[in-house]
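**Q** heads up, no residue letters with this:
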């Protein structure tokens, strides 16, 4: 095989930049509190993974059917199968997060995820620079969990209680 006969296996710079942009924007949206933005982040990362599989699969070739295409001219069917699987997984995850966002909207009127009471307690301990190795659950707490819940600040600024 001479240098003229070799297939160019380097991916297009535009595709690499598009994959990077999809991953960066998807991860940014995953870190938001709104389930709708998290859903869009999942979809963007799923599309980035699909594009990454196709770029990693190499150059396009003939159909991978024995007898119709020479073995050196066949395309690799594995990336196509992986993309199909990734599409199904992304669809299932999208349906799940969409159902969670809809249920949150029904119950609270918004789809933002709130801090957990245990998370708030850990933040208070970290602010006091208290050691985290003490078993605080074994100690008696002066206020009940209902009193702690009443003190919890609603991130959305609404009074739905």
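**A** Arrived safely. Predicted model only: the values in this text are computed from it and were never measured.

**Q** From the chain's centre, how far out is stretch 41-55? Work that out for me.
**A** Counting by CA atoms, centre = their mean, to the nearest Å, stretch 41-55 is centred 10 Å from the centre of its parent chain.

**Q** Buried ones in it, by neighbour count?
**A** For stretch 41-55, the neighbour count (16 or more other CB atoms under 10 Å) marks 41-54 as buried. Heads up, the C-betas are built off the backbone N, CA and C, glycines and all.

**Q** Now that stretch: average pLDDT?
**A** Mean per-residue pLDDT for stretch 41-55: 93.

**Q** Not counting that stretch itself, show me its contacts.
**A** Stretch 41-55 has contacts (CB atoms under 8 Å, 6 or more residues apart in numbering) with 11-12, 15-16, 18-19, 22-23, 25-32, 79-80, 82-83, 86-87, 89-90, 93-94, 97.

**Q** Which secondary structure element is home to residue 149?
**A** helix 145-151 (DSSP states H and E).

**Q** For burial, what's the neighbour tally of residue 78?
**A** By other CB atoms under 10 Å, 12 other residues sit near residue 78.

**Q** And the longest helix seen in the chain, how far out from the chain middle?
**A** Counting by DSSP state H, the longest helix found in the chain is helix 77-108. Here helix 77-108 is found 10 Å from its chain centre; the criterion is CA atoms, centre = their mean.

**Q** Stretch 74-83 too?
**A** Counting by CA atoms, centre = their mean, stretch 74-83 is centred 23 Å from the centre of its parent chain.

**Q** in that stretch, what's buried?
**A** Those would be 75, 79, 82, 83, for stretch 74-83 by 16+ other CB under 10 Å.

**Q** residues contacting the first one?
**A** I take that to be residue 75. Residue 75 neighbours (CB under 8 Å, 6+ apart): 57, 58, 59, 60, 61, 62, 63, 64.

**Q** Where does the nearest residue to residue 23 once chain neighbours are set aside fall, secondary structure wise?
**A** Of all residues not flanking residue 23 in the chain, residue 48 sits nearest, at 4.6 Å (CB to CB, 6 or more residues apart in numbering). Residue 48 belongs to helix 35-56 when assigned by DSSP H and E.
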